[in-house]
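*Asks:* Need coordinates for the below:
(one chain, ligands or ions: 1)
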Amino acid sequence: MAIAPPNSTGQVSQEEIKKRIQALLTSQRAFFADGHTLPVAFRKEQLRKLQRVLKQHEQELFDALYADFRKPALEAFGTEIGFIELELKLALKSIEDWACPRRVPETLINFPARSYVYPQPYGVTLIISPWNYPLNLLFTPLIGAMAAGNCAILKPSEIAPNTAAVVNRLITQNFDERYLAVVEGGVETSQELLAQRFDYIFFTGSTQVGRIVMKAAAEYLTPVTLELGGKSPAIVVSDTDLELAARRICWGKFLNAGQTCVAPDYVLVQEDVKEEFIQQMAQCIKEFYGEQPLNSPDFARIINDNHFQRLSAMLTPEHVRIGGETDAADRYIAPTVLDNIAWDHPSMQEEIFGPVLPILTFETIDEAIKIVNRHEKPLALYFFSANKLYQQRILHEVTFGGGCINDTISHLANPNLPFGGVGSSGLGSYHGIASFDVFSHQKSVLHRGTWLDLPFRYPPYGNKLNLLRRFFKWL
Ligand code: NAD
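*Replies:* Numbering: from 1, shown residues only. Next up, the predicted model:
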């Protein structure tokens, strides 16, 4: 029973969608309750199947990503399919270790005893994903959910419909829907899902919708992970290698045409090297995409007309230093650098999420830190400087989800680094073992010995208080 978007057939009503979602939930609940997902052998078998299916259908996935927004194959592999493969390999290699009870140190107060944390799957989980990395942001959390022994309902984004359709088909054809199912659809379908009771909700998307998800989850006190967005700064200090900084910022910004949650949203460059930095950016854009980025096979398109219009409004001609060209029919916006930007400029009022890079300046490191700290806590921060003291100051004085010193985006490529935001950029983190942990309840259990039973805690208390005090002091 694949659930396609309500308008794709023109026949499926909202009421029908609701009934189907409820039926899916009921069947997944029963499947979970019967213990099918608990054996590690089952989890591994299903993860291996996912690995096989993705490998066999790789070309279809490339094609779907290209059809949605002309994502170049190299980017589709490097940031989506290859990335998922690495997470799958790690999960398959480590699942026995991750799933086994973890013994923790004892306290004498409970002597004789042994204490363990037992990771336990939540049950039926909901994974809602956005459109910008439509495979990565659906399958990477799913790998955690599967490794931890959960069932899952997946809600891909309707804004990347070709990818959503392929994902729906591949999951529906290869997995028991009592275990994994896909529900396609837009905002109403998402709201219908959120109105149901799940055991865990993993949401990736905008901060605004994150609030809606958290409110809905509160109804049943469902735990949530929220992977959200925001304005991630790149700070460039004059002591850095400007050519290298420009190249790494250029890559992180224009990858996926800037439609990346952790893309450098804006640059704060030290005033005295601003001109040189802009020259280096111009050089770099030319090297990456040629004189006419419009003709480059390596530069993606804006996902839809709404986003194209929203981004075009940021291209105020008096501020454009590089790029600025657009083609509405092709949803093309050139790699663009804006200069002399103030905080009330349209590009600084919201997350940009496109190939537009405003340049702002600072004079001292104190000023740079103050500027970032005056705004919402970013999902990522990138700091370019050779000065170790400045690096330490940024790390200690600024709160951000994660980031890099002297690079952009690459922190996501290490699955040993938990990935997530803080404050308005998110709640909770995943990747590698963190994905397993996020989808597991950590059940803490004390196994108490029976051969000794000290009497302090039992009434009548009489004059045991002093004795207890002395015991606590001794511990
Ligand atoms: P979005 O929040 O509009 O949509 C995400 C999902 O929520 C979609 O599946 C959509 O159908 C659903 N949705 C939309 N409106 C809803 C509503 N009112 N009620 C219930 N569900 C609703 O986000 P998007 O435009 O797809 O993606 C862009 C945003 O996602 C950016 O802000 C970006 O920074 C963020 N993002 C974050 C990460 C991360 O890992 N932190 C990754 C990618 C994107």
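*Asks:* Can you tell me the element residue 337 falls in?
*Replies:* strand 336-338 (DSSP states H and E).
*Asks:* List the neighbouring strands of the helix or strand following that strand plus their orientation.
*Replies:* Next along the chain after strand 336-338, taking DSSP H and E as the criterion, comes strand 356-362. Strand pairing for strand 356-362, determined by DSSP bridges: strand 266-270 (parallel), strand 336-338 (parallel).
*Asks:* Please save the CA atoms from the first one in CSV.
*Replies:* So that's strand 266-270. Written as CSV, here are the backbone C-alpha positions of strand 266-270 (Å, rounded to 0.1, in the frame of the first residue of the first chain):
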residue,chain,number,x,y,z
TYR,A,266,27.4,35.0,4.8
VAL,A,267,31.1,36.0,5.1
LEU,A,268,32.5,38.2,7.8
VAL,A,269,35.9,39.2,6.5
GLN,A,270,38.5,41.4,8.2
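*Asks:* Contacts only, for whatever residue of the chain ends up closest to the ligand.
*Replies:* Nearest residue of the chain to the ligand, counting by C-beta to the nearest ligand atom: residue 229, 2.2 Å away. Glycine gets a C-beta too; all of them are placed from N, C-alpha and C. Contacts for residue 229 were tallied using C-beta atoms under 8 Å, 6 or more residues apart in numbering; they are 205-207, 261, 351, 353, 379, 425.
*Asks:* what does this protein have sitting close to the ligand?
*Replies:* 128-132, 137, 155, 157-159, 186-187, 190-191, 194, 204-206, 209, 212, 227-229, 261, 351, 353, 379, 421, 426 (C-beta under 6 Å from any ligand atom).
*Asks:* Got phi/psi on residue 112?
*Replies:* Residue 112 has phi and psi values of phi -90, psi 130 when expressed as degrees, to the nearest 10.
*Asks:* what's near enough to touch it?
*Replies:* Contacts of residue 112 (C-beta under 8 Å, 6+ apart): 448-449, 451-452.
*Asks:* so residue 86 sits in a helix?
*Replies:* Yes - counting by DSSP: H, G, I helix; E, B strand; the rest coil, residue 86 is part of a helix.
*Asks:* Got the phi and psi for the residue lying closest to residue 353 once chain neighbours are set aside?
*Replies:* Of all residues not flanking residue 353 in the chain, residue 259 sits nearest, at 5.6 Å (C-beta to C-beta, 6 or more residues apart in numbering). Backbone torsions of residue 259, given as degrees, to the nearest 10, read phi -90, psi 60.
*Asks:* Hmm, residue 259 is touching residue 304, no?
*Replies:* No - Residue 259 lies out of contact with residue 304 (C-beta atoms under 8 Å); the separation is 10.7 Å.
*Asks:* In the protein, where is pLDDT below threshold?
*Replies:* 1-11 (pLDDT under 70).
*Asks:* Buried residues of the biggest helix by length in it, list them for me.
*Replies:* In the chain, with assignment by DSSP state H, the single longest helix is helix 14-33. Neighbour counts over helix 14-33 (16 or more other C-beta atoms under 10 Å) mark 17-18, 20-21, 24-25, 27-29, 31-32 as buried.
*Asks:* Run through the strands of the stretch 251-400 of the chain in chain order.
*Replies:* 266-270, 320-322, 326-327, 332-333, 336-338, 356-362, 380-384 (DSSP state E, counting those that start in this stretch).
*Asks:* Buried deepest among the strands paired with strand 356-362, which one?
*Replies:* Comparing these by mean neighbour count (mean count of other C-beta atoms under 10 Å), strand 336-338 ranks first with a mean of 26.
*Asks:* Now residue 46: closest residue in space, sequence neighbours ignored.
*Replies:* residue 146 (5.7 Å).
*Asks:* ugh, wrong one, residue 63
*Replies:* Using C-beta to C-beta, 6+ apart, the closest residue to residue 63 is residue 162 (7.8 Å).
*Asks:* Tell me what residue 153 is bridged to.
*Replies:* residue 126, residue 181.
*Asks:* ok, it - how many residues close by?
*Replies:* Using other C-beta atoms under 10 Å, residue 153 is surrounded by 22 other residues.
*Asks:* measure it to residue 435 for me?
*Replies:* According to C-beta to C-beta, to the nearest Å, residue 153 stands 17 Å off from residue 435.
*Asks:* tell me the domain boundaries of this structure?
*Replies:* 14-228+429-442, 233-417 (automatic domain parsing).
*Asks:* what about the first one, start to end distance?
*Replies:* The distance separating the two terminal residues of domain 14-228+429-442, taken as C-alpha to C-alpha, to the nearest Å, comes to 37 Å.
*Asks:* Equivalent analysis for the last one, please.
*Replies:* Across domain 233-417, the terminal residues are separated by 20 Å (C-alpha to C-alpha).
*Asks:* Check the offset of it from the chain's centre.
*Replies:* Put simply, domain 233-417 sits 19 Å off its chain's centre (C-alpha atoms, centre = their mean, to the nearest Å).
*Asks:* Most widely separated two among the buried residues of helix 14-33?
*Replies:* 17 and 32 (22.3 Å; C-beta to C-beta).
*Asks:* Specify the local secondary structure of the closest residue to residue 73 other than its chain neighbours.
*Replies:* Spatial nearest neighbour of residue 73, excluding adjacent residues (C-beta to C-beta, 6+ apart): residue 62 at 5.3 Å. Judged by three-state DSSP, the three-state class of residue 62 is helix.
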